[in-house]
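In: sequence? don't have it. structure:
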(Lines give C-alpha, C1' and ligand atoms only; values in the text may rest on other atoms or scores of the structure.)
Protein backbone atom coordinates (compact mmCIF):
# COMPACT_ATOMS: atom_id res chain seq x y z
CA UNK A 1 0.00 0.00 0.00
CA UNK A 2 1.10 3.51 -0.68
CA UNK A 3 2.04 5.85 2.14
CA UNK A 4 2.85 9.54 2.35
CA UNK A 5 5.05 11.00 5.07
CA UNK A 6 5.45 14.63 6.02
CA UNK A 7 8.14 14.79 8.66
CA UNK A 8 7.68 18.43 9.64
CA UNK A 9 4.52 18.99 11.70
CA UNK A 10 5.25 22.73 11.93
CA UNK A 11 7.38 25.21 10.03
CA UNK A 12 7.77 28.95 10.09
CA UNK A 13 9.20 31.47 7.66
CA UNK A 14 9.76 35.20 7.57
CA UNK A 15 7.70 37.15 5.13
CA UNK A 16 9.44 37.47 1.74
CA UNK A 17 11.78 34.57 2.46
CA UNK A 18 11.82 31.04 1.06
CA UNK A 19 10.72 27.88 2.80
CA UNK A 20 10.77 24.22 1.76
CA UNK A 21 8.29 21.65 2.99
CA UNK A 22 9.28 18.00 2.82
CA UNK A 23 7.29 15.01 1.65
CA UNK A 24 8.31 11.44 1.02
CA UNK A 25 6.16 8.63 -0.24
CA UNK A 26 6.32 4.92 -0.72
CA UNK A 27 4.90 3.10 -3.70
CA UNK A 28 5.64 0.25 -6.06
CA UNK A 29 3.76 1.94 -8.88
CA UNK A 30 5.46 3.77 -11.71
CA UNK A 31 2.55 5.92 -12.83
CA UNK A 32 1.04 8.30 -10.32
CA UNK A 33 0.33 11.90 -9.43
CA UNK A 34 1.61 13.91 -6.53
CA UNK A 35 -0.07 16.98 -5.14
CA UNK A 36 0.37 19.70 -2.62
CA UNK A 37 -2.86 21.02 -1.16
CA UNK A 38 -3.19 24.06 1.05
CA UNK A 39 -5.77 24.34 3.80
CA UNK A 40 -6.04 27.87 5.21
CA UNK A 41 -8.02 28.70 8.35
CA UNK A 42 -11.14 28.79 6.21
CA UNK A 43 -10.67 24.99 5.95
CA UNK A 44 -11.16 24.96 2.17
CA UNK A 45 -8.81 22.47 0.53
CA UNK A 46 -7.00 24.24 -2.29
CA UNK A 47 -4.73 22.63 -4.85
CA UNK A 48 -1.34 24.34 -4.90
CA UNK A 49 0.60 22.29 -7.40
CA UNK A 50 0.50 18.98 -9.23
CA UNK A 51 3.24 16.69 -10.56
CA UNK A 52 2.84 13.77 -12.92
CA UNK A 53 5.33 11.02 -12.13
CA UNK A 54 6.25 10.47 -15.77
CA UNK A 55 7.41 14.06 -16.14
CA UNK A 56 11.01 14.72 -15.22
CA UNK A 57 10.55 18.47 -15.18
CA UNK A 58 9.60 19.90 -11.82
CA UNK A 59 6.22 21.62 -11.72
CA UNK A 60 6.06 25.35 -11.04
CA UNK A 61 3.13 27.60 -10.25
CA UNK A 62 4.17 31.20 -9.71
CA UNK A 63 5.93 31.32 -6.31
CA UNK A 64 5.43 27.60 -5.72
CA UNK A 65 7.71 24.93 -7.13
CA UNK A 66 8.50 21.35 -6.35
CA UNK A 67 11.62 19.25 -6.22
CA UNK A 68 10.50 15.87 -7.47
CA UNK A 69 13.01 13.09 -6.98
CA UNK A 70 11.35 9.94 -8.29
CA UNK A 71 14.11 7.52 -7.39
CA UNK A 72 14.30 8.87 -3.88
CA UNK A 73 10.48 9.09 -3.66
CA UNK A 74 10.73 12.65 -2.50
CA UNK A 75 8.41 15.54 -3.36
CA UNK A 76 9.25 18.78 -1.59
CA UNK A 77 7.44 22.09 -1.98
CA UNK A 78 9.35 25.36 -2.16
CA UNK A 79 7.52 28.59 -1.48
CA UNK A 80 9.42 31.67 -2.59
CA UNK A 81 8.81 35.23 -1.47
CA UNK A 82 6.50 33.99 1.29
CA UNK A 83 3.41 36.05 1.96
CA UNK A 84 1.18 36.28 5.00
CA UNK A 85 -1.56 34.61 3.02
CA UNK A 86 0.58 31.52 2.61
CA UNK A 87 0.05 30.67 6.28
CA UNK A 88 -1.90 27.43 6.24
CA UNK A 89 -1.71 23.69 6.68
CA UNK A 90 -0.02 22.07 3.69
CA UNK A 91 -0.79 18.50 2.72
CA UNK A 92 1.16 16.28 0.39
CA UNK A 93 -0.96 13.70 -1.41
CA UNK A 94 -0.49 10.73 -3.74
CA UNK A 95 -2.86 9.30 -6.29
CA UNK A 96 -2.50 6.28 -8.57
CA UNK A 97 -2.70 7.00 -12.27
CA UNK A 98 -2.10 3.75 -14.11
CA UNK A 99 -4.74 1.74 -15.91
CA UNK A 100 -4.70 -0.84 -13.14
CA UNK A 101 -6.00 1.80 -10.79
CA UNK A 102 -9.25 1.82 -12.66
CA UNK A 103 -11.64 4.27 -11.14
CA UNK A 104 -10.33 3.66 -7.66
CA UNK A 105 -8.00 6.58 -7.37
CA UNK A 106 -8.41 7.90 -3.91
CA UNK A 107 -5.91 10.39 -2.61
CA UNK A 108 -3.49 9.19 0.03
CA UNK A 109 -2.51 12.00 2.37
CA UNK A 110 0.32 12.96 4.60
CA UNK A 111 -0.53 14.33 8.03
CA UNK A 112 0.28 17.88 7.00
CA UNK A 113 2.71 20.65 7.84
CA UNK A 114 1.47 23.77 9.55
CA UNK A 115 3.21 26.78 8.05
CA UNK A 116 3.38 30.07 9.91
CA UNK A 117 4.50 33.23 8.13
CA UNK A 118 6.01 35.86 10.37
CA UNK A 119 5.73 39.53 9.38
CA UNK B 1 -14.81 28.21 -6.25
CA UNK B 2 -14.10 24.53 -6.91
CA UNK B 3 -17.57 23.83 -8.29
CA UNK B 4 -18.25 21.23 -5.60
CA UNK B 5 -21.11 22.15 -3.29
CA UNK B 6 -21.60 20.74 0.17
CA UNK B 7 -24.47 21.31 2.55
CA UNK B 8 -24.84 22.04 5.35
CA UNK B 9 -21.67 23.96 6.15
CA UNK B 10 -22.17 23.57 9.88
CA UNK B 11 -24.21 21.10 11.86
CA UNK B 12 -24.57 20.66 15.60
CA UNK B 13 -26.38 17.64 16.94
CA UNK B 14 -26.54 15.31 19.90
CA UNK B 15 -25.16 11.85 20.47
CA UNK B 16 -27.32 9.09 19.12
CA UNK B 17 -28.78 11.22 16.38
CA UNK B 18 -28.59 10.78 12.61
CA UNK B 19 -27.52 13.36 10.04
CA UNK B 20 -27.23 13.51 6.28
CA UNK B 21 -24.52 15.45 4.47
CA UNK B 22 -25.04 16.33 0.86
CA UNK B 23 -22.59 16.88 -1.97
CA UNK B 24 -23.05 18.06 -5.54
CA UNK B 25 -19.98 17.36 -7.66
CA UNK B 26 -18.57 19.59 -10.35
CA UNK B 27 -20.50 19.51 -13.57
CA UNK B 28 -19.28 16.54 -15.60
CA UNK B 29 -17.48 14.78 -12.76
CA UNK B 30 -18.59 11.20 -12.29
CA UNK B 31 -16.54 10.31 -9.22
CA UNK B 32 -17.36 11.47 -5.73
CA UNK B 33 -15.14 10.90 -2.72
CA UNK B 34 -15.89 11.43 0.96
CA UNK B 35 -13.17 12.26 3.46
CA UNK B 36 -13.25 12.81 7.18
CA UNK B 37 -10.84 15.25 8.77
CA UNK B 38 -10.53 15.19 12.52
CA UNK B 39 -7.97 16.99 14.65
CA UNK B 40 -6.06 13.91 15.71
CA UNK B 41 -6.23 11.79 12.59
CA UNK B 42 -5.77 14.03 9.61
CA UNK B 43 -7.65 13.25 6.41
CA UNK B 44 -9.21 9.83 6.25
CA UNK B 45 -10.73 8.41 3.08
CA UNK B 46 -14.22 7.09 3.70
CA UNK B 47 -15.75 6.00 0.43
CA UNK B 48 -15.79 6.60 -3.33
CA UNK B 49 -18.61 6.40 -5.83
CA UNK B 50 -18.34 6.41 -9.57
CA UNK B 51 -21.44 7.04 -11.68
CA UNK B 52 -23.74 5.73 -8.98
CA UNK B 53 -21.73 2.70 -7.97
CA UNK B 54 -19.52 2.22 -4.95
CA UNK B 55 -15.92 1.80 -6.11
CA UNK B 56 -13.74 1.95 -3.05
CA UNK B 57 -14.16 1.85 0.67
CA UNK B 58 -11.81 3.22 3.23
CA UNK B 59 -12.09 3.64 6.96
CA UNK B 60 -15.84 4.04 6.98
CA UNK B 61 -17.72 2.90 10.06
CA UNK B 62 -20.71 0.60 9.78
CA UNK B 63 -22.81 3.39 11.29
CA UNK B 64 -22.02 5.47 8.20
CA UNK B 65 -23.39 4.92 4.74
CA UNK B 66 -23.38 6.78 1.49
CA UNK B 67 -24.92 6.72 -1.92
CA UNK B 68 -24.68 8.49 -5.23
CA UNK B 69 -27.88 9.28 -7.05
CA UNK B 70 -28.63 9.26 -10.79
CA UNK B 71 -28.07 13.00 -10.96
CA UNK B 72 -24.61 12.28 -9.47
CA UNK B 73 -25.09 14.10 -6.21
CA UNK B 74 -24.08 12.12 -3.18
CA UNK B 75 -25.21 11.85 0.41
CA UNK B 76 -23.29 10.65 3.43
CA UNK B 77 -25.47 9.36 6.24
CA UNK B 78 -24.08 9.26 9.74
CA UNK B 79 -26.15 7.48 12.38
CA UNK B 80 -25.95 6.70 16.10
CA UNK B 81 -23.59 9.62 16.36
CA UNK B 82 -20.85 9.63 18.93
CA UNK B 83 -18.70 12.45 20.27
CA UNK B 84 -15.79 11.13 18.25
CA UNK B 85 -17.67 11.65 15.01
CA UNK B 86 -17.21 15.39 15.37
CA UNK B 87 -15.10 16.34 12.39
CA UNK B 88 -14.96 18.14 9.10
CA UNK B 89 -16.40 16.03 6.30
CA UNK B 90 -15.16 16.80 2.82
CA UNK B 91 -16.62 15.79 -0.47
CA UNK B 92 -14.43 15.83 -3.57
CA UNK B 93 -15.09 15.03 -7.18
CA UNK B 94 -13.11 14.21 -10.27
CA UNK B 95 -13.56 12.98 -13.77
CA UNK B 96 -12.53 9.39 -14.34
CA UNK B 97 -10.41 8.52 -17.32
CA UNK B 98 -8.27 11.09 -18.94
CA UNK B 99 -8.16 13.32 -15.94
CA UNK B 100 -5.11 15.10 -14.60
CA UNK B 101 -5.63 13.30 -11.33
CA UNK B 102 -6.82 16.31 -9.43
CA UNK B 103 -9.63 16.10 -6.92
CA UNK B 104 -11.78 19.17 -6.46
CA UNK B 105 -12.95 19.71 -2.93
CA UNK B 106 -16.02 21.28 -1.47
CA UNK B 107 -15.80 23.58 1.50
CA UNK B 108 -16.66 20.81 3.90
CA UNK B 109 -19.41 20.18 6.40
CA UNK B 110 -18.38 20.73 9.99
CA UNK B 111 -20.20 18.32 12.28
CA UNK B 112 -20.22 18.88 16.01
CA UNK B 113 -21.70 16.15 18.19
CA UNK B 114 -22.54 17.24 21.72
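Out: Cool, got the structure. All values derive from a computational prediction rather than experimental measurement.
In: and residue B:26, how close does it get to chain A?
Out: Noted for residue B:26: a distance of 13 Å to chain A, by C-beta to the nearest C-beta, to the nearest Å. C-betas here are computed from N, CA, C, even on glycine.
In: can you check residue B:77 too?
Out: Applying C-beta to the nearest C-beta to residue B:77 and chain A gives a distance of 20 Å.
In: adjacent strands (with direction) for the host helix or strand of that residue?
Out: Using DSSP states H and E, residue B:77 sits within strand B:74-78. Looking at strand B:74-78 with DSSP bridges, its partner strands are strand B:19-24 (antiparallel), strand B:64-68 (antiparallel).
In: could you export these as JSON lines, including mean neighbour count and distance to residue A:109?
Out: Shown next, in JSON lines, are those (neighbours: other C-beta atoms under 10 Å in any protein chain shown; distance: least, C-beta to C-beta, whole Å):
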{"stretch": "strand B:19-24", "mean neighbour count": "19", "distance to residue A:109": "19"}
{"stretch": "strand B:64-68", "mean neighbour count": "19", "distance to residue A:109": "19"}
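In: can you redo the ones you listed as TSV with mean pLDDT?
Out: Listed next are those as TSV, based on pLDDT from 0 to 100:
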stretch	mean pLDDT
strand B:19-24	98
strand B:64-68	97
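In: SS state for the closest residue to residue A:22 other than its chain neighbours?
Out: The shortest distance from residue A:22 to any non-neighbouring residue, by C-beta to C-beta, 6 or more residues apart in numbering or on different chains, is to residue A:76 (5.1 Å). Following DSSP: H, G, I helix; E, B strand; the rest coil, residue A:76 is assigned to strand.
In: OK, contacts around residue A:76?
Out: Counting by C-beta atoms under 8 Å, 6 or more residues apart in numbering or on different chains, residue A:76 touches A:20, A:21, A:22, A:23, A:66, A:67.
In: is the closest residue to residue B:42 other than its chain neighbours in a helix, a strand, or coil?
Out: Leaving aside its chain neighbours, residue B:42 sits nearest to residue A:111 (4.6 Å; criterion: C-beta to C-beta, 6+ apart). Assigned with three-state DSSP, residue A:111 falls in the coil class.
In: residue contacts, residue A:111?
Out: Counted by C-beta under 8 Å, 6+ apart, residue A:111 has contacts A:6, A:9, B:42.
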